[in-house]
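Undergrad: Sequence isn't available, so here's the structure alone:
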């Protein structure tokens, strides 16, 4: 493993193996595994869980971290190739990323979608460049269209709950005051498909996941015996569901058009999940969400504070799995080198 | 000790005991006492001393820290129960606090008063919720109406100066460009009363400390042989004073009314402490202040740079006592568990 | 060495000796040299390299760091002596610096020029005060008119490239959207002169380096057999150049006058360095820049991405030399004490 950029790079068995390491490190801590190693963290966008859990994961393995926040304490960074830099950004990622990579043993970067053009964002213009500029192991801390750390924690959460491999996994859209990126729904759909689940994406008209996202999940499902379908039929989607994964995302039909997106979601005021949605679900159906969640807009207090919700153990698993990612990328590599 | 929320929970002898630990750790460092442990720090409000000294205290005991600043690098956090979250805050403390607590061994939180309604702020609406949501040891880094880390450092400073237990301790109001919370004056009055001192609160009309704050200090005084009174008479207050603790706070008569508060303090331009105030004080009377202090508004340069001022050793004691708080909450607990 | 404030304090042989330590630490890491030690970092201004590399340097020597950013998470700090503090700043450096120094073993501070009056800025009004207030070893992380960490890294970069001591070093002005401080050009000119090089400062009319800056470089050159001259003649300056160090700075003729400065640089649109500038340079002439650099404003993509550029190893050397600075100020001191 040279970096942690996409669950698809690991495949089903690779994920199972990595989660095995996560479990072993939880049972038998290795507080000196990354002694002397440094993790650089670059956050182009806000963070709570990722910011805290990456630092803690590194510390629990004996390493240290530093945090760079472009635009807040550090220079705004330009990402456009060939830009004439006479604007706000004082530095280009073509310098910033190699320099920061040269200071640390492993780099983690969060860089959300620009949100103007869907096809462009799906090509990961910023993160792709960053990956090409980084000669150290790189961890994707959420890019335009992916969030593999979240997906790995989600898989572990399903395992912890003993959700059967073939269970029905509903990825349900929910409302939000404004358009959010498709990174988490794309990663969650792919993760569940790769796990072999029966994945149903429930979303209103105009909010279909992009075809390349669906195709990637289909490919994963094909390899593992899972399936993935999309629907606007709430009742059909929830019927027999074992897990409902809620996520807010922007209109893909009106991508980059804030006014049209707002108009579309203004008509979707009933897409706040509450207990009534679960009438036909399987007994003990669980509610997942990657957080942050807007209470009483995306999901009611009742659901989040009730027995279905596993959002807190799900968030805790971010720490558990990231410890394994860091260990695999640095310590295991070191051991392999020693063995060789 | 399950958390460090209020000096009142320790009582006089508990504070003396904890300061004994602080002294022992200063003489005989324990650089591995908290090896592998993590301190999470959440700052809803600005900080200099607390931000630096908590991280250093943790490092000097062998542990590590992470810092979360809601609204700057991390999401704005909602604190109102039942809120429909369609505004600025992307996340609720009902998720954020348990998640962060799950990543660390001990959590420290700073959450100032909202400053709208005095009775509400005295109930600690935000910090009380946070404490209820946190299943790890919690340290109050200044809440709406308390600042126990500061109070503990202040007590140690009095001990270091060999200020007698029964000495006269004047808590003097001073001017400031705008209303500040009552957390520090409330904590300082209670601390001095609990130490057994003769406490006099000097403040203009309209700036009386709230009755529950005075009652808490009275209860502490009653238990230790101290006393607490309030006055507007500057000369009487300073007569024979051994220590003057200066603090700025907002008008309690006009709490939450910025215009009325500003009008009230506009008439109090002579409440900038200078050497002349100390004419009738005891020889060697000291000047304390928790910092930050606005020079030549609250206190003159002459006083702050002169021999009365102990604000620098007082600030340094934040580090000394917080080391003991962290040790008591984590290391001592660990040892007890091992002994049991 | 009691602090690291100016390369001039070390002199030629002192720099060579310190770079020797930097080399030894790169070859034979000392991961426990600063165990238990804490570095306080205060950034009045933005940073990327310094912020990251100082933390990493400290971690690689076994120590820890904390970061204070006045105005972002921490109080705005007043620097004017005697100020009546009824404005934005809640705290004065007269308290903040001694307090932070009391929490750590070594303090690093970045405080750029105010940019109003050149003569004033050359006296280092803020940093000079800070140095006087700090009783721990202090590292200058860029002040109004100096940047010794950068200069030390630059010297090491020249050594790494085996640039002869007597080689021609051109410090070339380049354009930028607004006036920047003279700290880096002043430090670079002095560094190259102290190394014994033939230093030529190339800049347009109105952008001459201040006479005290030139005199300091002249003094250094006199001691080491180097030289320093200024010119507006691009062709003459580049003729036979072995190294071109590019830097943007504000008009010294119109210092503090943003409109006049902007008007002056508006007429200098051809001061974007590209390959054509190097026509008469020595074979293999290198391009240095301290970063951040505005691509296609100060320097073209072609040059920065081409074989002349050494900006990435130059930036990496910040880590290499700062490790030595920290070690010399803390660990070596400790060893001397032990030996004594």
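TA: Okay, I see it. Remember, predicted model here, so these are calculated numbers, not experimental data.
Undergrad: do stretch A:292-309 and chain B meet at all?
TA: Yes - judged by Cβ under 8 Å from any Cβ of the partner chain, stretch A:292-309 and chain B are in contact via A:292-297, A:301, A:304-305. Glycine gets a C-beta too; all of them are placed from N, C-alpha and C.
Undergrad: okay, now residue A:23: neighbour count?
TA: Using other Cβ atoms under 10 Å in any protein chain shown, residue A:23 has 16 neighbouring residues.
Undergrad: and the residues of stretch A:292-309 next to chain B, which are buried?
TA: A:292-297, A:301, A:304 (16 or more other Cβ atoms under 10 Å in any protein chain shown).
Undergrad: which one of the residues you listed is nearest residue B:99?
TA: Taking Cβ to Cβ as the measure, residue B:99 lies nearest residue A:292 of these, at 9.6 Å.
Undergrad: for the closest residue to that closest one other than its chain neighbours, phi and psi?
TA: Spatially, and ignoring its direct neighbours in sequence, residue A:292 is nearest to residue B:91 (3.3 Å; Cβ to Cβ, 6 or more residues apart in numbering or on different chains). Per-residue torsions, residue B:91: phi -140, psi 150 (degrees, to the nearest 10).
Undergrad: give the contact list for residue B:91.
TA: Listed by Cβ atoms under 8 Å, 6 or more residues apart in numbering or on different chains, the contact partners of residue B:91 are A:48, A:291-294, B:75-78.
Undergrad: How is chain A partitioned into domains?
TA: A:7-146+A:317-339, A:162-309 (automatic domain parsing).
Undergrad: hmm, back to that, what's the separation between the residue nearest to residue A:292 and residue B:219?
TA: Using Cβ to Cβ, to the nearest Å, residue B:91 is found at 38 Å from residue B:219.
Undergrad: residues in the stretch 201-340 of chain A within reach of chain B, list them.
TA: Going by Cβ under 8 Å from any Cβ, the residues of the stretch 201-340 of chain A near chain B are A:291-297, A:301, A:304-305, A:311-312, A:315-316, A:319.
Undergrad: just the residues of stretch A:292-309 next to chain B now: which is nearest chain C?
TA: residue A:292 (20.1 Å; Cβ to the nearest Cβ).
Undergrad: Now the residue lying closest to residue A:213 once chain neighbours are set aside, what are its backbone angles?
TA: Spatial nearest neighbour of residue A:213, chain neighbours left out: residue A:186 (4.4 Å); criterion: Cβ to Cβ, 6+ apart. When read as degrees, to the nearest 10, the backbone of residue A:186 gives phi -60, psi -40.
Undergrad: Could you do residue A:134 as well?
TA: Main-chain torsions, residue A:134, degrees, to the nearest 10: phi -100, psi 120.
Undergrad: for the closest residue to it other than its chain neighbours, what are its contacts?
TA: Of all residues not flanking residue A:134 in the chain, residue A:101 sits nearest, at 4.8 Å (Cβ to Cβ, 6+ apart). With contact taken as Cβ under 8 Å, 6+ apart, residue A:101 is in contact with A:40, A:107, A:133-136.
Undergrad: Can you flag the buried ones in these?
TA: Using 16+ other Cβ under 10 Å as the burial test, the contacts of residue A:101 include A:40, A:107, A:133-134, A:136 as buried.
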